[in-house]
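Asker: Just a sequence and a predicted model for now, questions to come.
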Amino acid sequence: MSKHWVRQEVKKNEIADALEKSVGWFQSNRQQTLAGAGIALVVVLLGGYFAYQKLVLDRAAWRSLSIGQSLAYQGKLDDALSQLQTLSERFSGSPAWGFATLMTGDIYYRQAQYAKGVETYRRIADRQAPKTLVPLAISDQALAEEAGSNCRDSIETSRRFLEQFKDHYLAPQIHASMARCLKAMGRNEEAKSALQQMTTLYPADQDPYWNQWAQAHLKSSS
């Protein structure tokens, strides 16, 4: 009798024993097994249902945002605000909420309602979501505060932005806003320092626009 044949027979016997034990366990614990399978099925079905519901809600939120954008582009700003407000209330958990909030702030800015704009932009910064919109919201908040002649808060908001997003593409614009606000508050030396920093951060061969902007304002302040 070969060793190979013996190994095969032993393997067959082990498999048979395992199957027999499994069948016996199932028969002894049939109720618990079926109950467990039922619970697992319910969990899977509920997970699928909630995922589907989230998909439906997200799609509805994006459609609502599209309507709000269309109204804004048509110049129907009050109607757009109403649409975006409804979206914010009904779909606060959707990523579309952040875009609706940002657009709401932009509309307030266009209407020169800067305090409302600041309050709106701050909601995104406070929630820290959606992540991609946080730097946009903070920079817009700084500009709205500057436009509303609230330079003290604008400077602080600008500093917060630059601490968190110093390499962001909006950073030059925020440096410029800070320099303008410092000058508006009569803090001329600080404004000059901010402009000089801009010429260093944005050299002429890499960012000619902002370098020239800073150089021009340095000349006008000297």
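Answerer: That came through, no problem. Residues are numbered from 1 along each chain as shown.
Asker: Can you give me the buried ones in stretch 192-209?
Answerer: Residues 192, 194-195, 198-199, 201-202, 207 are the ones in stretch 192-209 that count as buried (16 or more other Cβ atoms under 10 Å). Heads up, the C-betas are built off the backbone N, CA and C, glycines and all.
Asker: swap that for stretch 118-126, sorry
Answerer: 118, 120-125.
Asker: pLDDT averaged over it - what is it?
Answerer: The average pLDDT within stretch 118-126 is 95.
Asker: contact partners of that stretch?
Answerer: 98, 101-102, 104-105, 108, 130, 133-134, 136-138, 140-141, 144-145, 148, 150, 153 (Cβ atoms under 8 Å, 6 or more residues apart in numbering).
Asker: can you tell me which of the residues you listed are in helices?
Answerer: 98, 101-102, 104-105, 108, 134, 136-138, 140-141, 144-145, 153 (DSSP state H).
Asker: Could you find the closest non-adjacent residue to Ala214?
Answerer: Excluding the flanking residues, the one nearest Ala214 by Cβ to Cβ, 6 or more residues apart in numbering is Met198, at 3.8 Å.
Asker: same question but for Gln69, I mixed them up
Answerer: Per Cβ to Cβ, 6+ apart, closest to Gln69 is Met103, 6.7 Å.
Asker: Was I right to think the one you found contacts Leu84?
Answerer: Yes. Between Met103 and Leu84 a contact is recorded at 6.0 Å, counting by Cβ atoms under 8 Å.
Asker: Look at these two and report which has more neighbours.
Answerer: Leu84 (28 against 20; other Cβ atoms under 10 Å).
Asker: quick revisit: let's verify the residue nearest to Ala214: helix, strand, or coil?
Answerer: Three-state call for Met198 (DSSP: H, G, I helix; E, B strand; the rest coil): helix.
Asker: give me every residue that touches it.
Answerer: Counting by Cβ under 8 Å, 6+ apart, Met198 has contacts 172, 175-176, 179, 210-211, 213-214.
Asker: How much space separates it from Ser221?
Answerer: According to Cβ to Cβ, to the nearest Å, Met198 stands 13 Å off from Ser221.
Asker: Glu156 too?
Answerer: Per Cβ to Cβ, Glu156 is found 22 Å from Ser221.
Asker: ditto for Ser66
Answerer: 45 Å.
Asker: what ranges do the helices span in the protein?
Answerer: 3-28, 30-73, 77-90, 96-110, 114-127, 134-147, 151-164, 171-184, 188-201, 208-221.
Asker: hey, least reliable of those by pLDDT?
Answerer: helix 3-28 (a mean of 48).
Asker: So Leu195 is in contact with Ala179, correct?
Answerer: Yes. Assessed by Cβ under 8 Å, Leu195 is found in contact with Ala179 at 5.2 Å.
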